[in-house]
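Trainee: Compute the structure for the input listed below.
(one chain, ligands or ions: 2)
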Amino acid sequence: EALIRFENVRKTYTTHHGGSVAALEDVNLAIKQGSILGVIGRSGAGKSTLIRLVNGLEKPDSGQIIVDSIDISRLAEKDLRKVRRSIGMIFQHFNLLSSRTVFGNIALPLEIGGLRKSEIQDRVEHLLTLVGLTDKRNHYPAELSGGQKQRVGIARALATRPKVLLCDEATSALDPETTASILQLLASINRDLGVTILLITHEMAVIRAIAHEIAVLDAGRIVEQGDAYDLFTRP
Ligand code: ADP
Ligand code: ADP
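Mentor: Ligands and ions are numbered 1, 2, ... in the order given. Coordinates of the predicted model:
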């Protein structure tokens, strides 16, 4: 059963010269509930566009994007907001608020969601434990290492208990050792919480480390797609 499905998706951008750039062409993709899909491609391949279509920041020119049984490609902004609640996202540069502590950053989406204070306390407490940062709760982002910042980003993304976590070059700013530990954390979140993960990256090592399935994006088209085990062991 697919949690996210792209059907014949085409997305073009209009440049300021009035020309058009095809970012995605004829994309068909299914992300199984509970799986980790890694999308790899070089810069300009269309990876960010893919992610922006999943969370409804962009609309396709044609085709359908089904998220949790809803075709989001034609949804109005008001209804999109509901769908976005089932989507968490982490970023290459973490996107934390520098004026808020670790606790405050993780609590933010819950405050926006209007949860009771005691519920927020509870959830943030669990999340701090999940990502291993209970002793950093009162620290500010500037006092953290890159890996710790990404752990805060992960906790914040999970706060609303999303079904899917979108990872946009989430380890590209980290050294190899820190990358490995963040990927391990993501794998355990997938395994233990059942969160489906869509991960985009330009690094094969990242895909190799945790993806169950792989799609290779090249110049806006998926040129290879399949089971990670098969793709990596095929002669
Ligand atoms: P990636 O994330 O793989 O680097 P992108 O999805 O950012 O790829 O970009 C795919 C293509 O679309 C590139 O040719 C890029 O220049 C173009 N593109 C992306 N965003 C815009 C935009 N807002 N306006 C015009 N062209 C864009
Ligand atoms: P409760 O609602 O009583 O806390 P749950 O069974 O919903 O119990 O979850 C147990 C704990 O696991 C929660 O407190 C929560 O912090 C954590 N949890 C559950 N689902 C997620 C999720 N998707 N992301 C992060 N943490 C989660």
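
Trainee: how about the residues of the protein near ligand 2?
Mentor: Proximity of the chain to ligand 2, by C-beta under 6 Å from any ligand atom, involves residues 123, 126-127, 130, 158, 161, 193, 195. The C-beta positions use only the backbone N, C-alpha and C, and glycine is treated the same way.

Trainee: nearest to ligand 1, of these?
Mentor: Ligand 1 lies nearest to Val195 out of the residues of the chain next to ligand 2, by C-beta to the nearest ligand atom, at 22.5 Å.

Trainee: ok, the closest one to Leu158 distance?
Mentor: 7 Å (C-beta to C-beta, to the nearest Å).

Trainee: ok, these two, which is more surrounded?
Mentor: Neighbour count, other C-beta atoms under 10 Å: between Val195 and Leu158, Leu158 has more, with 22 against 19.

Trainee: In terms of pLDDT, where does that one sit?
Mentor: For Leu158, the model assigns a pLDDT of 98.

Trainee: Same check on the one 10 residues further on?
Mentor: Asp168 carries a pLDDT score of 96 in this model.

Trainee: ditto for the one 3 residues further on
Mentor: At Thr171, the predicted lDDT confidence score is 97.

Trainee: Contacts only, for the closest residue to it other than its chain neighbours.
Mentor: Distances taken as C-beta to C-beta, 6 or more residues apart in numbering put Thr179 closest to Thr171, at 4.1 Å, once the chain neighbours are dropped. By C-beta atoms under 8 Å, 6 or more residues apart in numbering, the contact list for Thr179 reads 171, 205-206.

Trainee: Now, those that are in helices?
Mentor: Among the contacts of Thr179, the members found in helices (DSSP state H) are 205-206.

Trainee: With distance to Ala142 and neighbour count added, can I get the contacts of Thr179 in a markdown table?
Mentor: Output for the contacts of Thr179, formatted as a markdown table (distance: C-beta to C-beta, whole Å; neighbours: other C-beta atoms under 10 Å):
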| residue | distance to Ala142 | neighbour count |
| --- | --- | --- |
| Thr171 | 20 | 26 |
| Ala205 | 29 | 12 |
| Val206 | 26 | 24 |
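
Trainee: Please identify which of the contacts of Thr179 is nearest to ligand 1.
Mentor: Distances from ligand 1 to these, taken by C-beta to the nearest ligand atom, are shortest for Val206, at 14.2 Å.
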